[in-house]
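**Q** Next comes the sequence, and after it the predicted model I'd like to discuss.
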Amino acid sequence: MNKAELVEAVSDKAGITKKQAGSVIDAITDTVKETLSKGERITLVDFGTFHVRQRKARKGRNPRTGKKLEIPAKKVPKFKAGKALKEAVR
(Lines give C-alpha, C1' and ligand atoms only; values in the text may rest on other atoms or scores of the structure.)
Protein backbone atom coordinates (compact mmCIF):
# COMPACT_ATOMS: atom_id res chain seq x y z
CA MET A 1 0.00 0.00 0.00
CA ASN A 2 1.39 3.42 -0.91
CA LYS A 3 0.48 6.80 0.58
CA ALA A 4 -2.33 7.50 -1.91
CA GLU A 5 -3.94 4.15 -1.13
CA LEU A 6 -3.56 4.78 2.61
CA VAL A 7 -5.19 8.22 2.26
CA GLU A 8 -8.11 6.65 0.40
CA ALA A 9 -8.53 3.87 2.99
CA VAL A 10 -8.43 6.32 5.92
CA SER A 11 -10.86 8.60 4.11
CA ASP A 12 -13.33 5.75 3.62
CA LYS A 13 -13.04 4.37 7.17
CA ALA A 14 -13.22 7.75 8.91
CA GLY A 15 -15.89 9.24 6.64
CA ILE A 16 -13.78 12.29 5.80
CA THR A 17 -12.50 13.76 2.55
CA LYS A 18 -9.28 12.55 0.98
CA LYS A 19 -7.78 16.01 1.55
CA GLN A 20 -8.56 15.83 5.27
CA ALA A 21 -7.22 12.27 5.50
CA GLY A 22 -4.02 13.36 3.73
CA SER A 23 -3.60 16.22 6.22
CA VAL A 24 -4.10 13.84 9.16
CA ILE A 25 -1.54 11.35 7.83
CA ASP A 26 0.97 14.15 7.15
CA ALA A 27 0.43 15.49 10.69
CA ILE A 28 0.98 12.04 12.19
CA THR A 29 4.19 11.37 10.24
CA ASP A 30 5.54 14.85 11.02
CA THR A 31 4.81 14.38 14.72
CA VAL A 32 6.51 10.97 14.75
CA LYS A 33 9.60 12.46 13.06
CA GLU A 34 9.75 15.42 15.46
CA THR A 35 9.28 13.24 18.54
CA LEU A 36 11.91 10.69 17.50
CA SER A 37 14.38 13.46 16.59
CA LYS A 38 14.13 14.62 20.22
CA GLY A 39 15.02 11.09 21.34
CA GLU A 40 11.58 10.43 22.80
CA ARG A 41 9.42 7.36 22.23
CA ILE A 42 5.84 7.03 21.01
CA THR A 43 3.71 4.22 22.38
CA LEU A 44 0.37 3.32 20.82
CA VAL A 45 -1.24 0.68 23.03
CA ASP A 46 -1.90 -2.60 21.15
CA PHE A 47 -0.29 -1.17 17.99
CA GLY A 48 3.35 -0.69 18.88
CA THR A 49 6.18 1.59 19.96
CA PHE A 50 8.41 3.86 17.91
CA HIS A 51 11.79 4.61 19.50
CA VAL A 52 15.38 5.54 18.68
CA ARG A 53 18.31 3.16 19.06
CA GLN A 54 21.99 4.05 19.12
CA ARG A 55 24.18 1.91 16.89
CA LYS A 56 27.81 1.58 17.91
CA ALA A 57 30.66 2.35 15.57
CA ARG A 58 31.94 -0.76 13.86
CA LYS A 59 34.37 -1.97 11.26
CA GLY A 60 33.11 -2.91 7.83
CA ARG A 61 34.36 -3.87 4.43
CA ASN A 62 33.57 -2.49 0.99
CA PRO A 63 32.25 -5.58 -0.83
CA ARG A 64 33.36 -4.27 -4.21
CA THR A 65 36.97 -3.45 -3.35
CA GLY A 66 37.52 -5.47 -0.18
CA LYS A 67 38.93 -2.33 1.49
CA LYS A 68 38.30 -2.11 5.25
CA LEU A 69 36.47 0.94 6.54
CA GLU A 70 35.12 2.39 9.75
CA ILE A 71 31.33 2.70 10.01
CA PRO A 72 30.48 5.56 12.39
CA ALA A 73 28.00 5.37 15.29
CA LYS A 74 24.52 6.65 14.51
CA LYS A 75 20.96 6.80 15.75
CA VAL A 76 18.30 4.80 13.91
CA PRO A 77 14.50 4.71 14.26
CA LYS A 78 12.98 1.42 15.38
CA PHE A 79 9.44 0.07 15.65
CA LYS A 80 8.35 -2.75 17.95
CA ALA A 81 4.93 -4.18 17.14
CA GLY A 82 2.39 -4.51 19.94
CA LYS A 83 0.52 -7.68 20.86
CA ALA A 84 -2.70 -6.90 18.95
CA LEU A 85 -0.77 -6.01 15.78
CA LYS A 86 1.28 -9.20 16.00
CA GLU A 87 -1.86 -11.29 16.40
CA ALA A 88 -3.63 -9.51 13.53
CA VAL A 89 -0.78 -10.40 11.18
CA ARG A 90 -0.75 -14.12 12.08
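**A** That came through, no problem. Bear in mind that the values here come from a model prediction, so they are computed numbers and not experimental data.
**Q** all strands of this structure, in order?
**A** 42-44, 48-55, 58-61, 68-71, 74-81 (DSSP state E).
**Q** could those be laid out in CSV, adding distance to Thr35 and mean neighbour count?
**A** Heads up, the C-betas are built off the backbone N, CA and C, glycines and all. Listed next are these as CSV, based on distance: least, C-beta to C-beta, whole Å; neighbours: other C-beta atoms under 10 Å:
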stretch, distance to Thr35, mean neighbour count
strand 42-44, 5, 12
strand 48-55, 8, 14
strand 58-61, 27, 10
strand 68-71, 26, 10
strand 74-81, 10, 12
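**Q** Would you mind putting the ones you listed into JSON lines with mean pLDDT alongside?
**A** Formatted as JSON lines, the strands of the chain follow (pLDDT from 0 to 100):
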{"stretch": "strand 42-44", "mean pLDDT": "96"}
{"stretch": "strand 48-55", "mean pLDDT": "96"}
{"stretch": "strand 58-61", "mean pLDDT": "95"}
{"stretch": "strand 68-71", "mean pLDDT": "95"}
{"stretch": "strand 74-81", "mean pLDDT": "96"}
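**Q** Distance to Gly22 added to the ones you listed, as a markdown table?
**A** Shown next, in a markdown table, are the strands of the chain (distance: least, C-beta to C-beta, whole Å):
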| stretch | distance to Gly22 |
| --- | --- |
| strand 42-44 | 20 |
| strand 48-55 | 21 |
| strand 58-61 | 40 |
| strand 68-71 | 37 |
| strand 74-81 | 22 |
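**Q** Nearest approach to Val10 belongs to which of those?
**A** Judged by C-beta to C-beta, the one of these that comes nearest to Val10 is strand 42-44, at 15.3 Å.
**Q** For that closest one, which strands pair with it and how are they oriented?
**A** Next to strand 42-44 in the sheet, as set by DSSP bridges, lie strand 48-55 (antiparallel).
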